[in-house]
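J.: attaching a predicted model along with its sequence, questions to come.
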Amino acid sequence: MRVISGSKRGLKLFTPAEDEEIRPTLERVKESIFNLIQFDLEGKVLDLFAGTGQMGIESISRGVELAVFCDNQKESLDLVRKNIKRAGFEDRAVVKETDYKRYIRDTKEKFKIIFIDPPYERGLSQKALVELGKEDSCLRDDGLCVVECKAVEKMPESEGRLQMIDKRTYGTVCVYLYSVKESE
């Protein structure tokens with residue numbers, strides 16, 4: 001697992017031990033995601049269900065001002081902190097040990113991009129979209145949600161104020177891109 005582009009291009013990140021339940025995004029999937037959102041990388045990003053932290057770290061490497069890493073698993077948080085330190089991004093990263101729903105509800109931050117990549121087949125992607133689709137959520141009006149899940153998990157065309165604008169399948173993995181619906 002490595003940083004693909006930007007100021008830390010080629011940097012190898014720490015990976016989870018074999019016996020841990022952390023599942024990093026495959027490199028080819030990550031590269032495709034960043035190709036889709038490359039012109040929207042600005043401001044602040046939220047790496048929900050952070051896992052290894054690679055999505056937020058890749059975003060910082062590519063120029064975003066701040067990444068917030070949210071997870072409630074100790075193993076994930078330890079790995080995220082190690083990877084942030086390895087990249088030297090301590091001044092542009094915030095780690096939150098909390099449940100995704102609580103963070104979305106309580107934060108005052110507004111994010112340009114939110115990565116949603118929870119453990120597969122538990123319905124957490126759709127539950128996170130429900131929270132982010134609310135009018136007062138932490139997603140900016142010009143923001144994007146990037147959802148990674150198993151291809152067998154079906155995501156809605158829309159959820160609250162969110163509308164699916166793209167869907168890509170990579171073997172057994174599916175990536176969905178949502179934006180805020182335009183006002184009528």
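T.: Structure's in. What do you need?

J.: do you know the pLDDT at D19?
T.: For D19, the pLDDT comes out at 57.

J.: ok, and what's touching the lengthiest helix in the chain?
T.: For the chain, the helix that runs over the most residues, judged by DSSP state H, is helix 74-87. Here helix 74-87 makes contact (Cβ atoms under 8 Å, 6 or more residues apart in numbering) with 3, 8, 11, 13-14, 16, 20-22, 50-54, 57, 60-61, 69, 71, 90, 93, 95, 97. C-betas here are computed from N, CA, C, even on glycine.

J.: quick check: neighbours of the next helix or strand after that helix in the sheet, parallel or antiparallel?
T.: Using DSSP states H and E, the helix or strand that directly follows helix 74-87 along the chain is strand 93-97. Strand 93-97 has the following sheet partners, assigned by DSSP bridges: strand 66-71 (parallel).

J.: ok so, going back, from the contacts of helix 74-87, keep the buried residues only.
T.: 3, 8, 11, 13-14, 16, 22, 50-54, 57, 60-61, 69, 71, 93, 95 (16 or more other Cβ atoms under 10 Å).

J.: quick one: strands adjacent to the top strand by length along the chain?
T.: The residue-count maximum for a strand in the chain (DSSP state E) belongs to strand 139-150. Partners of strand 139-150 in the sheet, by DSSP bridges, are strand 111-116 (parallel), strand 173-180 (antiparallel).

J.: out of the buried ones among the contacts of helix 74-87, which are inside strands?
T.: Among the buried ones among the contacts of helix 74-87, the members falling in strands (DSSP E) are F69, D71, A93, V95.

J.: out of the residues you listed, who's nearest L46?
T.: Lowest distance from L46 to these (Cβ to Cβ) belongs to F69, with 8.3 Å.

J.: quick one: low-confidence ranges for this structure?
T.: Along the chain, the model assigns pLDDT under 70 to residues 18-21, 183-184.

J.: again, only this time at 50
T.: Across the chain, nothing is flagged by pLDDT under 50.

J.: tell me the contacts of the spatially most central residue of it?
T.: Note on the chain: the residue nearest the mean C-alpha position is F115, at 1.9 Å, using Cα atoms, centre = their mean. Taking Cβ under 8 Å, 6+ apart, we find F115 in contact with V45, L46, D47, L48, M55, G56, V146, E148.

J.: if we use 7 Å, what do you get?
T.: Neighbouring residues of F115 by Cβ atoms under 7 Å, 6 or more residues apart in numbering: V45, L46, D47, L48, M55, V146.

J.: ok, Q163 next?
T.: For Q163, counting by Cβ under 7 Å, 6+ apart, the contacting residues are Y178, S179, K181.

J.: want to throw these into a markdown table with neighbour count?
T.: Below are the contacts of Q163 laid out as a markdown table (neighbours: other Cβ atoms under 10 Å):
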| residue | neighbour count |
| --- | --- |
| Y178 | 27 |
| S179 | 18 |
| K181 | 14 |
